[in-house]
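Engineer: make a model of this:
(one chain, ligands or ions: 2)
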Amino acid sequence: MRVLLALGGNAMTGPDGSASPDAQRAAIAAAMESVADLIAAGHEVVITHGNGPQVGNLLVKNELAATVVPPVSLDWCGAQTQATIGFTVMNSLEASLARRGVERPVAAIVTRTRVDVDDPGFTHPTKPVGRFLPYEQARPLIEHGQLWEDRGEKGWRRIVASPEPREVLETGTLLTLIEAGYVVVAAGGGGIPVVRAEDGTVRGVEAVIDKDLTAALLARSVHADVLVIATDVDHAIKAWGTPQAEEIGVVSLEQMREIAGEGHFASGSMGPKVEAALRFVESGGPRAVITALEQIDKAVTGSYGTVIEGRPAKPHDPAGQNPTPQNPTENEG
Ligand SMILES: Nc1ncnc2c1ncn2[C@@H]1O[C@H](COP(=O)(O)OP(=O)(O)O)[C@@H](O)[C@H]1O
Ligand SMILES: NC(=O)OP(=O)(O)O
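Structural biologist: Numbering: from 1, shown residues only. Ligands and ions are numbered 1, 2, ... in the order given. Here you go, the predicted structure:
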């Protein structure tokens, strides 16, 4: 199966959200063990990953050092995170594959994602980045003009613009590499946001694209059989945080749209994951799964996690309208 695997910040930065180099190396090394198992099992894996903690930290470094070295813009910070996370993934995945006796080349690709210049995301920022701070520490920054948001029990977090991903510009390159047998790491941090001018030229814009939404687009572009969104919870949960909390197992597209419409999924965390899973399946993708990183082997077959099954088009069913599950059912998870 061709698997598009989206790795969240939780998988890349360690359990406490720490983005120290050691914590990142350790988290990525652990994640790549699971990825190597998938590859060793015969799956074709395309990896994308988040960069929220890292890009937010780079932004702060730039601001703190602005009087000493020229600061760079947010799109440059995003490009830098693709490189550091990408090369760390390459190092770890190569080692994990070698331990299994699997020979597969790995390539991390600098990837640009086109957005619309007039996207409302530029005027209404929604993307949490960087570290969590208690309100007392965030307050002076807010008073200084930064946008911060209360993210619940973990604290407050800085918010930046996050336009909709429209197109992954390196799709052709990725397909060539996948067909040549590479394990490709692409569109890290949702891709470096760029806009295209009327004359066809491309320039970076200051934003951080949601990596789950780009993952949905990328999964369709590379004809993935399954989009797996790996995070730190086994399932998306209905009535999350209440005594009525209920894990969501296998659901139809229609059911998940309805549940999402009821507002069970927090913006900036589970919300975009559910939206990405829905978009992939709505646009014709066969299956999308949200689950914990440790469960991705079962996720690819749809036997664990929150699973949205598409409608496989059969010869007698050209419109792809054959029935899908009508009741939320628990899978083995
Ligand atoms: N309805 C929900 N079901 C499950 N988790 C939820 C829900 N709403 C919000 N969350 C939160 O979403 C988190 C996963 O999102 P996030 O932290 O952004 O993941 P990642 O960094 O792995 O991309 C979970 O740890 C949980 O705290
Ligand atoms: N770019 C992005 O969505 O990163 P996170 O998944 O780390 O928030």
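
Engineer: near ligand 1, which residues of the protein?
Structural biologist: Residues of the chain found near ligand 1 (CB under 6 Å from any ligand atom) are 8-11, 50, 231-233, 236-237, 240, 264-266, 269-270. All C-beta atoms are positioned from the backbone trio N, CA, C, and that covers glycine.

Engineer: nearest to ligand 1 among those residues?
Structural biologist: residue 8 (2.1 Å; CB to the nearest ligand atom).

Engineer: list the contacts of that closest one.
Structural biologist: By CB atoms under 8 Å, 6 or more residues apart in numbering, residue 8 lies in contact with 49, 50, 211, 212, 229, 230, 231, 232, 273.

Engineer: contacts only, for the first one.
Structural biologist: The reference is to residue 49. Residues counted as contacts of residue 49 (CB under 8 Å, 6+ apart) are 6, 7, 8, 11, 12, 85, 89, 185, 188, 189, 211.

Engineer: same thing with the third one?
Structural biologist: Remark: with contacts taken as CB under 8 Å, 6+ apart, residue 211 is in contact with 6, 8, 48, 49, 50, 51, 187, 188, 189, 190.

Engineer: where does it fall, phi/psi-wise?
Structural biologist: phi -70, psi -30 (degrees, to the nearest 10).

Engineer: residue 270 against residue 238, yeah?
Structural biologist: No - using CB atoms under 8 Å as the test, residue 270 is too far from residue 238 to be in contact (10.9 Å).

Engineer: show me the two of the contacts of residue 211 that sit farthest apart.
Structural biologist: Between any two of the contacts of residue 211, the greatest separation by CB to CB is 13.9 Å, found for 8 and 187.

Engineer: pull the CA atoms of stretch 265-285 into CSV?
Structural biologist: Listed next in CSV are the C-alpha coordinates belonging to stretch 265-285 (Å, rounded to 0.1, in the frame of the first residue of the first chain):
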residue,chain,number,x,y,z
PHE,A,265,-12.7,18.8,17.8
ALA,A,266,-10.5,21.6,19.0
SER,A,267,-9.2,24.1,16.5
GLY,A,268,-5.5,24.0,16.0
SER,A,269,-5.2,20.4,17.3
MET,A,270,-7.7,17.7,16.5
GLY,A,271,-9.9,19.9,14.3
PRO,A,272,-7.5,20.2,11.4
LYS,A,273,-6.7,16.5,11.6
VAL,A,274,-10.3,15.5,11.2
GLU,A,275,-10.8,18.1,8.5
ALA,A,276,-7.8,16.7,6.6
ALA,A,277,-9.0,13.2,6.9
LEU,A,278,-12.4,14.2,5.6
ARG,A,279,-11.0,16.2,2.7
PHE,A,280,-8.8,13.2,1.6
VAL,A,281,-11.7,10.8,1.6
GLU,A,282,-14.2,13.4,0.1
SER,A,283,-11.8,14.0,-2.8
GLY,A,284,-11.7,10.3,-3.6
GLY,A,285,-9.0,9.0,-1.2
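
Engineer: quickly find the element holding residue 291.
Structural biologist: Residue 291 belongs to strand 287-292 when assigned by DSSP states H and E.

Engineer: give me the residue from the stretch 151-300 of the chain nearest ligand 2.
Structural biologist: Counting by CB to the nearest ligand atom, the stretch 151-300 of the chain gets nearest ligand 2 through residue 211, at 3.6 Å.
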